[in-house]
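> coordinates only, sequence not included:
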Ligand SMILES: N=c1c2ncn([C@@H]3O[C@H](COP(=O)(O)OP(=O)(O)OP(=O)(O)O)[C@@H](O)[C@H]3O)c2ncn1[C@@H]1O[C@H](COP(=O)(O)O)[C@@H](O)[C@H]1O
């Protein structure tokens, strides 16, 4: 780990960024505003298959970024995956609280 990278324990934060993102995703799902990429994923315009395809593509890109030791690309693809994963949860009657509970159970 480089000097400018703190340990995982140091970087534990209660900043609710995932909860905020999930709330925005739910709001887009429920109101379907014009011009919203997120809203388009909840319509026939794109739909579930588009989300699953994105997750597949981004997983491959994540693997390639890791193999290339490309830290910037690794973080970019990770963020894309987390976003599309949260969209998928919102499609499947699950939410970020369920994900948190699942992770807690494994500790
Ligand atoms: N976090 C995201 C987010 N991550 C990715 N994306 C979109 O997901 C798509 C990803 O497709 P691609 O991977 O093909 O895009 P890319 O990253 O340019 O391409 P690659 O280099 O990865 O191949 C792009 O259109 C991105 O804009 C996102 N779109 C929205 N959000 C969040 O959702 C909120 C609501 O945004 P709207 O969708 O505009 O309502 C925003 O405020 C953001 O917080």
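Yep, it's here. Everything numeric here is computed off the predicted structure, so don't read it as measured data.

> so who does the closest residue to residue 88 other than its chain neighbours touch?
Excluding its sequence neighbours, the residue lying closest to residue 88 (CB to CB, 6 or more residues apart in numbering) is residue 51, at 5.3 Å. (Each C-beta comes from the backbone N, C-alpha and C, glycine too.) By CB atoms under 8 Å, 6 or more residues apart in numbering, the contact set of residue 51 is 41, 84, 87, 88, 91.

> among those residues, who's most crowded?
Counting neighbours by other CB atoms under 10 Å, residue 87 leads the contacts of residue 51 with 25 neighbours.

> which element, helix or strand, includes it?
Assessed by DSSP states H and E, residue 87 sits inside helix 71-91.

> buried stuff in that helix?
Using 16 or more other CB atoms under 10 Å as the test for burial, helix 71-91 gives 74, 77, 80-81, 83-91.

> from the residues you listed, pick the one nearest residue 102.
Of all the buried residues of helix 71-91, residue 102 sits closest to residue 89, with 10.7 Å by CB to CB.

> run the chain-centre distance for stretch 73-81.
The chain centroid and the centroid of stretch 73-81 are separated by 9 Å under CA atoms, centre = their mean, to the nearest Å.

> next one: it, is it in contact with the ligand?
Yes. Against the ligand, stretch 73-81 shows contacts by CB under 6 Å from any ligand atom at residue 80.

> nearest spatial neighbour of residue 85, chain-adjacent residues omitted?
Nearest one to residue 85, counting by CB to CB, 6+ apart, is residue 55 at 6.9 Å.

> how many other residues sit next to the one you found?
Using other CB under 10 Å, residue 55 has 16 neighbouring residues.

> brilliant, that's me finished.
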